[in-house]
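Chemist: Need coordinates for the below:
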Amino acid sequence: MQEIAAETVSSWKTVRRNLLYMKIPLKPVDRLIKEPERFGMRRVAGELVEDPNEQSAIEKIKTLRADGQSIRDIVKILNQEKVPTRCIGAKWHIKTVFDISKR
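Modeler: Below is the predicted model:
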């Protein structure tokens, strides 16, 4: 976009606005994200593939839920056992565990 702006002696904001107006994609088609990346999945070369580390956490959550544990108890267990989250060093939260258990 900045290269086009330099060639046409325009600001990049003007170039962006006109590209959007003409419905020209700002990124190449192969770089457009077609579906969101959710916990348990990773994007490799544009394709979603299962992440084995995150899949093991999902299985643990499902097992604990099937055993009758509450979401709050599952969060405590995951944090006590230091089950890794997507962000290294972060703690598990109720909303995250709830969303994973719904799937």
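Chemist: Residue nearest the middle of this structure, spatially speaking?
Modeler: In the chain, the residue lying closest to the centroid (Cα atoms, centre = their mean) is residue 37, at 3.9 Å.
Chemist: Which pLDDT value does the model give that one?
Modeler: We have a pLDDT of 79 for residue 37.
Chemist: The nearest residue to it once chain neighbours are set aside pairs with what?
Modeler: Nearest residue to residue 37 in three dimensions, chain neighbours excluded: residue 43, at 5.4 Å (Cβ to Cβ, 6 or more residues apart in numbering). All C-beta spots, glycine's among them, are computed from the backbone N, C-alpha and C. Per DSSP bridges, the residues bridged to residue 43 are residue 48.
Chemist: could you point out where this structure is predicted with low confidence?
Modeler: 28-34 (pLDDT under 70).
Chemist: ok, now with 80
Modeler: In the prediction, the chain carries residues with pLDDT under 80 at positions 1-2, 25-37, 45-46.
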